[in-house]
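Enquirer: what follows is a predicted structure for the sequence shown.
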Amino acid sequence: MDENKAQEPMLSGSRPPPTDDHGPATATVTTPTVAEHGTLKYSLLGPSLTKAGQDSVDQSKVSEIIYNASKGSKFFNHEEVRDKVLTQKIAAIQTKKRRLEQLDLSREQRQADQLIAQLELTRDLTQHIVHVDCDAFYAAVEQLDRPELKDVPFAVGAGVLTTCNYAARKFGCRSGMAGFVAKKLCPELLLIRPNFDKYTAKAHEVREVLADYDPRFESASIDEAYLNITEYCAEHDISPDDAVQQMRDEIHEKAKITVSAGIAANAKLAKICSNMNKPNGQYRLPNDRSAIMSFMRDLPCRKVNGIGRVTERELSEIGVKTCGEIWGQRQYLRHLFGDKTYEFLMMCHLGLGRTNVQPAEDYERKSVGTESTFRDMSDPVQLREKLRWTADELEKDMRRAECKGRTLCLKVKLHTYEVFTRQVVTPKAIYQADDLYNFALPILAKLEQDMPGMKLRLMGLRCTQLVSTKKPDTRAFFGFKPKRTESGESDPSATSRRVGEDSPAENRGEWETWPEDMLDGADAELEATASALMGNEPANDDENYRHHGKEITPNPKRKAPPKEEEEWWDCPICSRPQAADERQFNEHIDLCLSRQTIRDAVQRDAEVGSPAPRSEGGDSSGTKRAKTGAGDKKRGRGASAAADPRQKKLFFG
């Protein structure tokens, strides 16, 4: 999976260090090596450092080129400050750990063992979860149209690379890298502008194959998905390995691209395994506790989804570089990192993860938002135009999601890469662009007042505390079957939508899927800045910034033979159409007959209790009139009500 997660900015006016025009980034760099900023250099390598194809690359040379090209830029200064803050935080963690080492922590160790025992009870080894990941997806699709590029290093993207083919990865190029940096690493690199419509169409071909193996597969991004093939394997009496190989062959035959896959007992392990034999390979971790514990023992922490550069460095400084080493530090983790991270790390040590796989659109949506990056902007008029444009875009998203929001949040990023968020609770749930703009405008004005002359490079709006605006099914309310659409869907409102920050495929800045219990907030924010690292050149145009690989559409349905028009039977009593099911139809008739019996009885009582017709000589007998009056008084009605003919007609259903 390869996406735009740029981390290396362009330093305007900087002179590139000389490189060998005929080789990768192992050439001699004339700029002297800077001893300081070692941790910053590692951070500048970006979140896609662990991508497939990077194992044989000399990352020290790559980091040196990125460091020298970035030095002096606003982004570099911002990252330098963050690195210093993190260094201070780590120093505090180490100091606290030294104090803890002087204490008796046997109680904390017992509590850790108890937690491990409790977590162990949740282990499920009965499921076969698969993570499918297309190999260099955008590049693979482009290569179908230009097969001559097979052995040519090329990348998809302009200012920021969204993906690289494996020939380019050998030079150290990877997704999220600034184009000019990639050119320094590989002077022969060919850059191709992306065509997202073409990628979406190809992704649909892949998804149609996945639906045959698990109709409720979970789309994590445009080119990766989770499947539960347990039921498929049982129905077809096939092993998970053979089923996945068969699925990969079908995808290659239909879509003409290759995919890699990981097979394991849960989604966390499957995600790790899918990167083991890339490209065009698969790896299965047996559903056996001993095998899983052995696998996790030597696994670097950074390989686990949810552990980014910040947490990796913090763990490394206390002596935890692999998941197996978490055990030896278990008595300190709660005190050093808090309950949430502590439990997450314990689950990493045990190799535990979720086994539930469901369509991404089935997850409860907690927020809807949109944001864009642009050139530095300070003119108040332009800022208001950008705010209005953002409000229009958010209205489109909220209409697709069929919801309104009670809380509106404005997010801005300064030209110094500082991020500020402000929110307001609206008096009513809103979704229309006019309301979004009118409530966000005072927030923007307050920011301008607090920071005179502020320059922005990113603006976003987000609604939370969502309220559904989906229309109720009136047919279901009155007991009828839902009306089917032409496609056979019972829910006509099923439309594509963009995933929000709170959905399972979160962190749009980092296209790689992170779990809900993501620990590295600092990493998430850094990854969210990926599209704004090219100096004065915007990473994304307004018309295509929304293509981030996280667009979610309903899963394809299995093709079924056309069904005959559904038959309905009319009830002979109430004349309402009923489903053509003999048992249900008979039950309905019995109910209608019971109602008819009640109606007849009430009608007879009304006729008996009605006043007799007047004779020519005067009133009817006083006896019958008296009885009628007495009966009306008992029911609390007046004589006029008994004489009202409308009271004689009663309807039940």
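Expert: Thanks, I have the structure now. As the structure is a prediction and not an experimental result, all values here were calculated from the model. Numbering: from 1, shown residues only.

Enquirer: where along the stretch 251-400 of the chain do the helices fall?
Expert: Remark: helices assigned in the stretch 251-400 of the chain by DSSP state H, counting those that start in this stretch are 267-273, 289-297, 309-317, 330-337, 339-350, 380-401.

Enquirer: so of the ones you listed, which one's packed in deepest?
Expert: Among the helices of the stretch 251-400 of the chain, the stretch with the highest mean neighbour count (mean count of other Cβ atoms under 10 Å) is helix 267-273, at a mean of 25. The C-beta positions use only the backbone N, C-alpha and C, and glycine is treated the same way.

Enquirer: is it true that Val75 touches Glu418?
Expert: Quick fix: residue 75 reads Phe, not Val. No - the pair Phe75 and Glu418 fails to qualify as a contact (Cβ atoms under 8 Å) at a distance of 11.4 Å.

Enquirer: those two: who's more crowded?
Expert: Phe75 (25 against 12; other Cβ atoms under 10 Å).

Enquirer: show me what the helix or strand that contains His204 is packed up against.
Expert: In this structure, His204 sits in helix 196-213 according to DSSP states H and E. Contacts defined by 3 or more Cβ pairs under 8 Å, 6 or more residues apart in numbering; DSSP states H and E place helix 196-213 against strand 129-134, helix 137-145, strand 224-228, helix 240-255.

Enquirer: one more time with 7 Å
Expert: Secondary-structure packing of helix 196-213 (3 or more Cβ pairs under 7 Å, 6 or more residues apart in numbering; DSSP states H and E): helix 137-145, strand 224-228, helix 240-255.

Enquirer: which one of the ones you listed lies nearest to Ile318?
Expert: Smallest distance to Ile318 across these (Cβ to Cβ): 32.1 Å, for strand 224-228.

Enquirer: how far does that closest one sit from the chain's center?
Expert: Computed by Cα atoms, centre = their mean, to the nearest Å, the chain-centroid distance of strand 224-228 equals 13 Å.

Enquirer: send the alpha carbons of that strand over as PDB?
Expert: Extracted in PDB, the C-alpha atoms of strand 224-228 (Å, rounded to 0.1, in the frame of the first residue of the first chain):
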ATOM      1  CA  GLU A 224      -6.100  -3.100   0.900                       C
ATOM      2  CA  ALA A 225      -8.800  -5.100   2.800                       C
ATOM      3  CA  TYR A 226      -9.400  -7.500   5.600                       C
ATOM      4  CA  LEU A 227     -11.300 -10.700   5.100                       C
ATOM      5  CA  ASN A 228     -12.500 -13.500   7.300                       C
END
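
Enquirer: run me through the strand neighbours of it, direction for each.
Expert: Its sheet considered, strand 224-228 pairs with strand 129-134 (antiparallel), strand 218-221 (antiparallel) by DSSP bridges.

Enquirer: any idea how far the nearest residue to Ile90 once chain neighbours are set aside is from Gln94?
Expert: In this structure, Ile90 finds its nearest non-sequential neighbour in Glu317, 5.0 Å apart by Cβ to Cβ, 6 or more residues apart in numbering. Distance of Glu317 to Gln94, computed by Cβ to Cβ, to the nearest Å: 6 Å.

Enquirer: repeat for Tyr232
Expert: Separation of Tyr232 from Gln94 (Cβ to Cβ): 50 Å.

Enquirer: quick one: which of those two has more around it?
Expert: Tyr232 (19 against 14).

Enquirer: isn't the more buried one right up against Ala243?
Expert: Yes - taking contacts as Cβ atoms under 7 Å, Tyr232 lies within contact range of Ala243: 6.1 Å.

Enquirer: give the residues shared as contacts by the two.
Expert: Residues touching both Tyr232 and Ala243 by Cβ atoms under 7 Å, 6 or more residues apart in numbering: Tyr213.

Enquirer: so who does Cys273 touch?
Expert: 262-264, 283, 285.

Enquirer: where neighbours are concerned, which of these has the most?
Expert: Counting by other Cβ under 10 Å, top hit in the contacts of Cys273: Ala264 with 29 neighbours.

Enquirer: what distance do you get for that one to Ser43?
Expert: Distance of Ala264 to Ser43, computed by Cβ to Cβ: 30 Å.

Enquirer: and if you look at Glu312?
Expert: Using Cβ to Cβ, we find Glu312 at a distance of 10 Å from Ser43.

Enquirer: mind listing what the one helix or strand Val412 maps to pairs with, with the direction of each?
Expert: Counting by DSSP H and E, the element that carries Val412 is strand 403-414. Paired with strand 403-414 in the same sheet, following DSSP bridges, are strand 419-430 (antiparallel), strand 456-468 (antiparallel).

Enquirer: in the last one, which residues are buried?
Expert: Just to be clear, that refers to strand 456-468. Residues of strand 456-468 classed as buried by neighbour count (16 or more other Cβ atoms under 10 Å): 456-464, 466.

Enquirer: likewise stretch 168-176?
Expert: Within stretch 168-176, the residues that qualify as buried are 168-176, counting by 16+ other Cβ under 10 Å.

Enquirer: tell me the gap between that stretch and the middle of its chain.
Expert: 26 Å.

Enquirer: now stretch 206-223
Expert: Here the centre of stretch 206-223 is set off from its chain's centre by 15 Å, with Cα atoms, centre = their mean.

Enquirer: right, I'll leave it there.
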